[in-house]
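Colleague: Predicted model follows, preceded by the sequence.
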Amino acid sequence: MNIHFISIGGSVMHQLAIALKRKGYKISGSDDEIFEPARTNLGKEKLLPEEEGWFPEKITKSLEAVILGMHAKPDNPELLKAKELDLQVYSFPEYIFKESRDKIRIVIGGSHGKTTTTAMIMHVLKKTKYDFDYLVGARLQDFDQSVNITHAPILICEGDEYPASAIEKRPKFHFLYPHTAIITGIAWDHINVFPTFEIYLEQFKIFIDKIESGGHLIYNKTDEVLNKLVQDKQRSDITYHPYKVPEHTITAGKTEVVIEDEKAKLKVFGNHNLLNLNAAWHVCKQIGVSAKKFVESISDFTGASKRLELLAQNQQTIVYRDFAHAPSKVKATIDAVKDQFPSKKLIAVIELHTYSSLNEKFTKEYDGVMQKADVAAVFFSKHALKIKGLPELQKETVKTGFNHPGLLVFDERKQLEEWLKDNNYVNSVVLLMSSGNYEGIDVDALAEKITLKAM
């Protein structure tokens, strides 16, 4: 295969390019900006373009496929040349499906928890020596790529509801046609793409329709919205597998789970992670993993990058980083930490960074999500608003939306840093939640300073 990537520097695009090169395909690509770690990764594989920019002359009839990344615009000169030559242009998920037509496709969708659930399945299958391909939206321990495409018989794929490409606005997970689908929960997100909840919900109805006949739907029955959708959208040709929080105990800050009478102490915690674990168990059981092997394997799972990631700790203070940004994710993460460490003061800081979270009308969706935080703070960057072309966001609007007594709101990095510096962290858990980086704060260094201050 001779394949060209338009926007090869994307976080998943460059990973797919590397995977296909390792499979033996001839790969070329272009991009007008390539950042780390994509630059280094592509360079190691000799796939880094000689210069940045778009070069229509790279698009020739010798290409058997052109893969279009999200960063490319509809008027991209290479895309226009590909159309002129009547070449086959694929979005990322369309090409993943092309490579996995003959595989058992397992797709994990949902508004929250899909990365962790995917990572849990991958972790167990690797430890139990199964051969599988995968696509996951985070860096995982023991996996050098976030995308791998080989001749394996199984594909484990995180299914995103975001648009597939600049010219294909349908969600990515509509193109994967799973034999087994997971839906972890539904909570309105991506307001810039799905302006109403009804439009957002419709994408999951379509996803259920895409399950192959004879397939399976594994779904979180404790999610009221999802449970109602499933009851209203019954298909006679697929099998439904509801799941809930499994039996477990919490002792001295450690969680022990029970799966079919098999027990294991976990390194992760919280009802949201226990739900993810149970969904992963349903998939692994279908593949042939025993309950004993599952709990043995999952016991040392530490989580995906930035998903309740332990940054620093001492006897007084624990600091976690989490990717949480949508309301349901923020609430689940805060609740999990408070339930796990009830005797410690919980200091929770969230950065509003996405289009949805920075939208004035959307702030009311955060009502009560930080309720269990003893100290709650929200940060948003004026620079981020400007880059996204959004109007100014008032601090009072944020305070009203979150509806948390004593909520602190910062819109300048310096103010946030000074507040963090002056805090008392004795007997505390600090939770830093963001899909961004707090306008450039070194979060790892901050965590070390917090723990040193509490000693």
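Modeller: Received the coordinates, thanks. Predicted, not measured: the structure shown is a model, and the values here were computed from it.

Colleague: ok, now which ones touch the residue nearest the centre of the chain?
Modeller: Nearest to the mean C-alpha position of the chain, by C-alpha atoms, centre = their mean, lies T115 at 4.4 Å. Going by C-beta atoms under 8 Å, 6 or more residues apart in numbering, T115 touches V136, G137, A138, E158, A304, R307, F323. The C-beta positions use only the backbone N, C-alpha and C, and glycine is treated the same way.

Colleague: Read off the pLDDT value for the last one.
Modeller: Put plainly, it is F323. Looking at F323, its pLDDT is 87.

Colleague: how about the contacts of T115 in a markdown table, adding neighbour count?
Modeller: Shown next, in a markdown table, are the contacts of T115 (neighbours: other C-beta atoms under 10 Å):
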| residue | neighbour count |
| --- | --- |
| V136 | 26 |
| G137 | 19 |
| A138 | 19 |
| E158 | 28 |
| A304 | 26 |
| R307 | 23 |
| F323 | 22 |
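
Colleague: Have a look at the residues you listed and tell me the least confident one.
Modeller: Within these, pLDDT is lowest for A304, at 79.

Colleague: Surely that residue is in contact with L140?
Modeller: Yes. Assessed by C-beta atoms under 8 Å, A304 is found in contact with L140 at 5.8 Å.

Colleague: overlap in contacts of these two?
Modeller: Common contact partners of A304 and L140 (C-beta under 8 Å, 6+ apart): A119.

Colleague: Walking through the stretch 51-200 of the chain, point out its helices one by one.
Modeller: 77-84, 92-99, 114-127, 197-209 (DSSP state H, counting those that start in this stretch).

Colleague: Residues contacting the first one, please?
Modeller: Okay, so that is helix 77-84. 4, 6, 30, 54-56, 58-59, 63, 66, 68, 72, 89, 167.

Colleague: most packed of the helices of the stretch 51-200 of the chain?
Modeller: Stretch with highest mean neighbour count among the helices of the stretch 51-200 of the chain: helix 114-127 (a mean of 25; mean count of other C-beta atoms under 10 Å).

Colleague: so how far is that helix off the chain centroid?
Modeller: 13 Å (C-alpha atoms, centre = their mean, to the nearest Å).

Colleague: Report the backbone C-alpha coordinates of that helix in CSV.
Modeller: Provided in CSV are the C-alpha atoms of helix 114-127 (Å, rounded to 0.1, in the frame of the first residue of the first chain):
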residue,chain,number,x,y,z
LYS,A,114,-13.9,5.4,27.4
THR,A,115,-10.1,5.9,27.5
THR,A,116,-9.8,4.2,30.9
THR,A,117,-12.1,1.4,29.9
THR,A,118,-10.1,0.8,26.7
ALA,A,119,-6.9,0.9,28.6
MET,A,120,-8.1,-1.6,31.2
ILE,A,121,-9.1,-4.1,28.4
MET,A,122,-5.7,-3.6,26.7
HIS,A,123,-3.9,-4.1,30.0
VAL,A,124,-5.6,-7.4,30.7
LEU,A,125,-5.3,-8.8,27.2
LYS,A,126,-1.6,-8.0,27.1
LYS,A,127,-1.0,-9.7,30.5
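
Colleague: picking up where we left off before, possible to save the contacts of T115 as CSV with distance to D444?
Modeller: Output for the contacts of T115, formatted as CSV (distance: C-beta to C-beta, whole Å):
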residue, distance to D444
V136, 22
G137, 21
A138, 17
E158, 25
A304, 17
R307, 16
F323, 15
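
Colleague: rewinding a little: rebuild the contacts of helix 77-84 as CSV, extending it with pLDDT and distance to Y425.
Modeller: Below are the contacts of helix 77-84 laid out as CSV (pLDDT from 0 to 100; distance: C-beta to C-beta, whole Å):
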residue, pLDDT, distance to Y425
H4, 98, 52
I6, 98, 48
S30, 97, 48
W54, 97, 49
F55, 97, 53
P56, 97, 56
K58, 97, 54
I59, 98, 56
L63, 98, 56
V66, 98, 52
L68, 97, 47
A72, 91, 45
V89, 97, 53
I167, 85, 49
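
Colleague: Which elements pack onto the top strand by length along the chain?
Modeller: The longest strand of the chain (DSSP state E) is strand 345-352. Applying 3 or more C-beta pairs under 8 Å, 6 or more residues apart in numbering; DSSP states H and E, we find strand 345-352 packed against helix 327-340, strand 375-380, strand 428-433.

Colleague: now for the ones you listed, which one comes closest to I182?
Modeller: helix 327-340 (16.3 Å; C-beta to C-beta).

Colleague: Run a quick neighbour tally on I441.
Modeller: By other C-beta atoms under 10 Å, 18 other residues sit near I441.

Colleague: Helix, strand or coil: sort out it for me.
Modeller: Using DSSP: H, G, I helix; E, B strand; the rest coil, the structure places I441 in coil.

Colleague: per-domain residue ranges of this structure.
Modeller: 2-87, 95-298, 309-454 (automatic domain parsing).

Colleague: low pLDDT regions in the stretch 351-455 of the chain?
Modeller: 454-455 (pLDDT under 70).
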